[in-house]
Structures are given as C-alpha cells and as structure tokens.
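1. this one's sequence-less:
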C-alpha cells in the first residue's frame, strides 16, 4: 500500500514538473476548441499528418480523438493547439496544412484561426 501511494505521488509530481499537469478546461475554452474542429472540417484544406494527406473532415475527427484522449492535459485552446494539434504524438513530426498550394504548420494556422475567431466574437453585434 505504501509503495502504491509513493508511485501515485511520484506520477503526480512528474506531471506537474513536466508542465502537463492534469487540467480542467472552462466551458469557454472548450467552445473555442470545438470551433477549431469545425474550422478544420470546413476549411477545404489538406491536413498532412505523418506524410499522409487527410481530408478536412478526417483531420477534424483525428483532432477530436486526440482531444478526448488528452483533454486532461490542456486548460486552454492555445494549449490544445500546442500540445495536441501541432504534431504527432507517435512520431513527433509536425502536422502541416496545405490550403490552395500554401503549406504552413498546423499550429501556426490554428493559432491564427483562433485569434480571428476571438476577434469576431469580441465585436459587438449590430
């Protein structure tokens, strides 16, 4: 029992020290992440993951899966992008996006999309 307790405490400390503490995400941040899924799905852009082209809907589904599995490690949309949506957790390769022949890193592209979304959300309705 004592050994199990030490193992648990060690695992929690490791999470805290690694910067990936177990997080709780607010409804507002979760809504921003849900927006990103819809943005990817509707983008018409090719999502390149580990050298393979993925249709936008498949890319959004993959990001949803990563979020479901890794949600506890993010507390903001920015952390979602940086920790889950920018590179493969298996190979460490960066994800890229090809939009009309322009290739960019998915993290940069998603941060820009999030900034635009928030800018539009903060504007008063007319």
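-> In hand now; what should we look at? Treat the numbers as computed from the prediction; the structure is a model and nothing was measured.

2. give me every residue that touches the closest residue to residue 103 other than its chain neighbours.
-> Nearest residue to residue 103, sequence neighbours excluded (C-beta to C-beta, 6 or more residues apart in numbering): residue 96, at 5.4 Å. For glycine as for every other residue, the C-beta is placed from the backbone atoms N, C-alpha and C. Contact analysis of residue 96 by C-beta atoms under 8 Å, 6 or more residues apart in numbering lists 47-48, 103-106.

3. For residue 96, give the beta-bridge partners.
-> Counting by DSSP bridges, residue 96 forms beta bridges with residue 48, residue 105.

4. Roughly how far does it sit from residue 57?
-> Separation of residue 96 from residue 57 (C-beta to C-beta, to the nearest Å) stands at 18 Å.

5. again with residue 85
-> From residue 85 to residue 57 the distance is 15 Å (C-beta to C-beta).
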